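Trainee: the following comprises the amino acid sequence and a computationally predicted model.
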Amino acid sequence: MVPVMALWMPILVAAVFVFVLSSVIHMLLPYHKSDFSGVPDEDRVRTALREAAIPPGDYVIPYATGMEQMKQPDFVAKYNEGPVAFMTVLPNRAPAMGKSLILWFLYSVLVGIFAAYVAGRALGPDAHYLSVFRFVGVTAFLGYGLAHIQASVWYSRPWSTTAKNVFDALLYAFMTAGAFGWLWPA
């Protein structure tokens, strides 16, 4: 058994590696460019949303207060008439990339902590590189990847976008597993 505190170096190194890899993926590689698209007549849509003065938050259109309302003919007609949307409204300002990048790094540290816990309980010091890689890699993949599938299941996010995010998660898991295998205590 290896305590989590003995694994602080691979946790941090893995988080740095994942941070750099995700930056390369999103800034230099083109495959995420099609994840979002603009709405038709964006200026008119923006004006209508701005006039509605929607506060920041998550919304669904049409909105029902419960399952009974969703079964009512007039509510079903709203679905059929459209639009049907899940939407997140952000504050009116430029995106705060600094905050998002810090939160992403902290999330990567958190995934590393869970991977350290699982591998540290399963393996002892001097564990073989591939054993460390296997335990850490699976745990990191669970942390980075599987939750993306819910967005396609429940919110109709395109499966192609989910597949790209799950692929990224696999790369992040490999990076995390490699860092742990390299820095596992003797």
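Mentor: Now that the structure is in, tell me what you want to look at.

Trainee: now the strands: where do they sit in the protein?
Mentor: 57-61, 85-89 (DSSP state E).

Trainee: can you check what angle separates the first one from strand 85-89?
Mentor: For the pair strand 57-61 and strand 85-89, the angle between their directions (axes from the mean of the first three to the mean of the last three Cα atoms, to 10 degrees) equals 160 degrees.

Trainee: identify the residues contacting strand 57-61?
Mentor: 83-89 (Cβ atoms under 8 Å, 6 or more residues apart in numbering). C-betas here are computed from N, CA, C, even on glycine.

Trainee: how about a cut-off of 6 Å?
Mentor: If you take Cβ atoms under 6 Å, 6 or more residues apart in numbering as the criterion, strand 57-61 is touched by 85-89.

Trainee: cool, the last one as well?
Mentor: Surrounding strand 85-89, the residues in contact under the criterion Cβ under 6 Å, 6+ apart are 54, 56-61, 155.

Trainee: out of the contacts of strand 57-61, flag the one nearest to Arg46.
Mentor: Arg46 has its nearest neighbour among the contacts of strand 57-61 in Val89, at 11.7 Å by Cβ to Cβ.

Trainee: who does that closest one bridge with?
Mentor: With DSSP bridges applied, Val89 shows beta-bridge pairing to Gly57.
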